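Visitor: Attaching a predicted model along with its sequence, questions to come.
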Amino acid sequence: MKRAAVIGCGALGTILVTNFARAEGWTLTGVMARTKAHAEALAANAGCRAATTLEELLADKPDLVVEIAGIGAAKAYGEAVLEAGCDFVLVSAGALADADWKARMTETALRTGRRIHVASGAIGGFDVLRTAALMGVEEATFESTKSPKSLSGAPGLMGVELPADRETLAFEGGVEEAVRGFPKNINVAAATVSAADAPNVRVRLVASPGLTVNTHHIDVKAGEMHCELFFHSAYDPKNPRSSTSTAWSVLALLKNLESPISYF
Ligand SMILES: NC(=O)C1=CN([C@@H]2O[C@H](COP(=O)(O)OP(=O)(O)OC[C@H]3O[C@@H](n4cnc5c(N)ncnc54)[C@H](OP(=O)(O)O)[C@@H]3O)[C@@H](O)[C@H]2O)C=CC1
Ligand SMILES: O=C([O-])CC(=O)C(=O)O
């Protein structure tokens with residue numbers, strides 16, 4: 001059995017850890033949060049170590065560490081995880097919009113012989129996006145629709161409350177600005193841009209009152225291929241920002257890594 005540890009004990013970390021038995025071929029060594037009580041509560045359920053520092057989390061020598069905590073955590077721990085000889089699963093793919101961090105992570109992975117796996121998260125189709133990248137992306141757009149409450153408090157809104165009675169365009173622009181303004185909402189766009197190798201993707205974020213799902217629409221034209229991907233995914237009642245399928249995508253990724261058949 002391979003050994004995994006998890007950074008993040010929030011809405012998504014809880015789904016991931018609670019269903020960890022579904023990741024065939026893997027055993028869970030520990031979970032980490034900033035708040036000791038959060039890590040302890042989840043660890044008690046899972047029968048693994050509770051950690052509040054990376055050093056504690058790595059004490060059990062996992063083969064791989066999953067970040068499911070936030071862009072800040074990905075950037076704070078990613079390089080150290082690779083340096084410690086572990087592979088790294090990135091859920092907060094918004095970190096990839098920081099070209100310097102992405103380059104440092106790539107260099108560290110190459111030097112240490114470790115790998116970085118970007119989880120498909122609330123979307124998917126990375127296989128087709130990688131194919132489009134090779135064919136050469138000519139045109140690509142990305143649009144997410146979320147409930148106004150899931151965007152509330154985002155730095156990009158600068159304190160403005162979005163209307164609760166009509167649809168509004170909360171953001172339109174490039175991916176770096178999108179991630180700066182909506183770091184907990186638009187990881188999916190950064191993952192798309194990185195997978196499609198298409199830095200000029202136009203990102204739109206629409207606030208739609210009454211939505212009970214998050215939606216994501218990717219449109220890519222590359223050579224002879226035109227692909228459209230739509231996702232409608234229920235969000236976590238504890239955190240309306242995050243689609244629950246994100247946590248399941250990590251379980252599927254882990255299972256795939258240990259499976260004799262790999263679906264690309
Ligand atoms: N790629 C994708 O499609 C998606 C990616 N995401 C990413 O997943 C992240 C987690 O989502 P969600 O579970 O809903 O968020 P929550 O806010 O519910 O939970 C975040 C958890 O991470 C922990 N954490 C945050 N920063 C650190 C840190 N520096 N060191 C250690 N632990 C830390 C928190 O600790 P504490 O409990 O102490 O506060 C908490 O346990 C999001 O912030 C987003 O970046 C989300 C949805 C889709
Ligand atoms: O969960 C989602 O639907 C998307 C999301 O929050 C993100 O990409 O940060």
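Guide: All right, it came through fine. Residues are numbered from 1 along each chain as shown. Ligands and ions are numbered 1, 2, ... in the order given.
Visitor: could you say what helices and strands the helix or strand containing Glu138 packs with?
Guide: Using DSSP states H and E, Glu138 maps to strand 137-146. Judged by 3 or more C-beta pairs under 8 Å, 6 or more residues apart in numbering; DSSP states H and E, the packing partners of strand 137-146 are helix 187-196, strand 202-207, strand 213-222. (C-beta placed from N, C-alpha, C; glycine too.)
Visitor: Give me the phi and psi for Glu107.
Guide: phi -60, psi -40 (degrees, to the nearest 10).
Visitor: Please report the distance of it from Asp100.
Guide: With distances taken as C-beta to C-beta, to the nearest Å, Glu107 is found 11 Å from Asp100.
Visitor: where exactly do the strands run in this protein?
Guide: Along the chain, the segments classed as strands by DSSP state E run 2-7, 26-32, 49-51, 64-67, 87-90, 116-118, 137-146, 168-173, 202-207, 213-222, 225-236, 239-243.
Visitor: how about TSV for these, with mean pLDDT added?
Guide: Listed next are the strands of the chain as TSV, based on pLDDT from 0 to 100:
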stretch	mean pLDDT
strand 2-7	99
strand 26-32	98
strand 49-51	98
strand 64-67	99
strand 87-90	99
strand 116-118	98
strand 137-146	97
strand 168-173	98
strand 202-207	97
strand 213-222	97
strand 225-236	95
strand 239-243	89
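Visitor: Return the most buried member of those.
Guide: strand 64-67 (a mean of 26; mean count of other C-beta atoms under 10 Å).
Visitor: From the recorded domain assignment, give the ranges for the protein.
Guide: 2-121+244-258, 126-234 (the TED database).
Visitor: any chance of these in a markdown table, plus distance to ligand 1?
Guide: A markdown table is the format used below for the domains of the chain (distance: least, C-beta to the nearest ligand atom, whole Å):
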| stretch | distance to ligand 1 |
| --- | --- |
| domain 2-121+244-258 | 2 |
| domain 126-234 | 4 |
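Visitor: quick one, phi psi at the most centrally placed residue in the chain?
Guide: In the chain, the residue lying closest to the centroid (C-alpha atoms, centre = their mean) is Val91, at 2.5 Å. Backbone torsions of Val91, given as degrees, to the nearest 10, read phi -100, psi -40.
Visitor: Could you tell me how far stretch 256-264 lies from the centre of the chain?
Guide: 20 Å (C-alpha atoms, centre = their mean, to the nearest Å).
Visitor: Look up how far Val201 lies from Leu16.
Guide: Counting by C-beta to C-beta - Leu16 and Val201 are separated by 28 Å.
Visitor: Then Asp219?
Guide: Applying C-beta to C-beta to Asp219 and Val201 gives a distance of 10 Å.
Visitor: With respect to Phe264, which of the domains of the chain lies nearest?
Guide: Taking C-beta to C-beta, domain 126-234 is the member of the domains of the chain nearest to Phe264, at 4.9 Å.
Visitor: Which residue of Glu107 and Asp100 possesses the greater neighbour count?
Guide: Glu107 (12 against 7; other C-beta atoms under 10 Å).
Visitor: Show the contacting residues for the closest residue to Gly173 other than its chain neighbours.
Guide: Take Gly173 and drop its neighbours on the chain: the residue closest to it by C-beta to C-beta, 6 or more residues apart in numbering is Val203, 6.4 Å away. When contacts are counted by C-beta atoms under 8 Å, 6 or more residues apart in numbering, Val203 touches 142-143, 171-175, 178, 186, 189.
Visitor: try 7 Å
Guide: Shown in contact with Val203 (C-beta atoms under 7 Å, 6 or more residues apart in numbering): 142, 173-175, 178, 186, 189.
Visitor: Could you dump the helices and strands packed on strand 137-146 into a markdown table with distance to ligand 2 added?
Guide: Below are those laid out as a markdown table (distance: least, C-beta to the nearest ligand atom, whole Å):
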| stretch | distance to ligand 2 |
| --- | --- |
| helix 187-196 | 3 |
| strand 202-207 | 10 |
| strand 213-222 | 4 |
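Visitor: Cheers, nothing more for now.
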